[in-house]
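[1] sequence and predicted model, in that order:
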Amino acid sequence: METRLIVALDFSSKEEALRLVDELSDAVEYYKVGLELFSREGREILRELSKRGKKVFLDLKYHDIPNTVKSAAKVAIEEGVWLYNLHALGGRRLMEEVSRFNREYAEKLGVNRPLVIAVTVLTSMEEEDLKELGIERKLEEEVLNLARLSKEAGLDGVVCSPREVKEVKESLGSDFLTITPGVRPSWAKKNDQKRVLTPKEAKELKTDYIVVGRPITRAPNPKEAALKILKELL
Ligand code: C5P
């Protein structure tokens, strides 16, 4: 079982993002494009990454009515994105319809279908925030509840904290993917991440992918930082 590295391209322009990608060259295959970069650069950044043979996690966390999300997801499918995500709180119908559409539209275009994963509970939220929304479950139970629902709806996995991987895998099977941010090597700053684990610990917990941003993107020598993290994953 392997744990792979996804580098978060949290930049405000494609020039900055691509400079990093080119600097990391063959060391890193997977990149995450989030709301900021996509809002500024749109599908152009997706094209540039796929031109370089990179795999893209498009992190736009779709949360809307099924029809609107399907229309937006067309871009991800047309651009050959490797994986994208939506909010499990959009409900079963949203996840089922997007999952079906994802398969059918990719088939129609004759391309590989992207993987589709769910965001469960944002890590910026605490149990009190859930209560305010009328969700009475314990936070970990709600994460598991939403993960289960997303699996039933045909999704491929979830974004979760490394600490949740064990339970997700035990309840939903080892082939249900876990993508985990909140990872910090011991030598890096924590920034605003609170409960972090090291890449080595995340690997021991058998997560499929770790997402790392600033310890690489803001490092004096990003390639050296990436290689050090990759070494922990061996
Ligand atoms: O710079 P850093 O390594 O903290 O970046 C992690 C990336 O993962 C960012 O793009 C951030 O938005 C995302 N993320 C996170 N924590 C979550 C979910 C996503 O840090 N719980």
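    Received it, and whenever you're ready, just let me know what you need. Residues are numbered from 1 along each chain as shown.

[2] give me the contacts around the longest helix anywhere in the chain.
    Across the chain, the helix with the greatest residue count (assigned by DSSP state H) is helix 92-109. Contacts made with helix 92-109 from outside it, assessed by C-beta atoms under 8 Å, 6 or more residues apart in numbering, are listed as 62-66, 69-70, 73-74, 77-78, 86, 88, 112-114, 116, 118, 149-150, 152-155. In short, each C-beta sits where N, CA and C put it, glycine included.

[3] before we move on, what about stretch 225-234?
    Judged by C-beta under 8 Å, 6+ apart, the contacts made with stretch 225-234 from elsewhere in the structure are 2-5, 7, 24, 27-28, 185, 187-188, 198-200, 203, 210, 212, 215-216, 219.

[4] among those, name the ones in helices.
    Cross-referencing the contacts of stretch 225-234 with the helices (criterion: DSSP H) gives 24, 199, 200, 203, 215, 216 as the overlap.

[5] mind putting the residues you listed in a markdown table, pLDDT included?
    Supplementary listing: the ones in helices among the contacts of stretch 225-234 in a markdown table, determined by pLDDT from 0 to 100:
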| residue | pLDDT |
| --- | --- |
| 24 | 98 |
| 199 | 97 |
| 200 | 97 |
| 203 | 96 |
| 215 | 96 |
| 216 | 98 |
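
[6] quick one: which of the residues you listed is nearest to residue 15?
    The shortest gap between residue 15 and any of those belongs to residue 24, at 15.3 Å (C-beta to C-beta).

[7] quick check: residues of the protein near the ligand?
    Selection of the chain residues close to the ligand by C-beta under 6 Å from any ligand atom yields 8, 10, 34, 123, 181, 182, 191, 193, 211, 212, 213, 214.

[8] and the pLDDT for the residue in the chain positioned nearest to the ligand?
    Proximity to the ligand, evaluated over the chain using C-beta to the nearest ligand atom, is greatest for residue 213 at 2.5 Å. Looking at residue 213, its pLDDT reads 97.

[9] nearest residue to it other than its sequence neighbours?
    In space, residue 213 comes closest to residue 8 once its chain neighbours are excluded; the distance is 3.5 Å by C-beta to C-beta, 6 or more residues apart in numbering.

[10] in strands only, show me the contacts of helix 92-109.
    By the criterion of DSSP state E, membership of those in strands covers 62, 86, 116, 118.

[11] turn the ones in helices among the contacts of stretch 225-234 into a markdown table, columns for neighbour count.
    As requested, these are arranged in a markdown table below (neighbours: other C-beta atoms under 10 Å):
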| residue | neighbour count |
| --- | --- |
| 24 | 21 |
| 199 | 25 |
| 200 | 17 |
| 203 | 20 |
| 215 | 23 |
| 216 | 25 |
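
[12] contact partners for residue 173?
    Under the criterion of C-beta under 8 Å, 6+ apart, the contact partners of residue 173 comprise residue 151.

[13] re the thing from before, does the residue nearest to residue 213 really touch residue 209, like I thought?
    No. Proximity of residue 8 to residue 209 does not meet the contact threshold set by C-beta atoms under 8 Å, at 11.4 Å.
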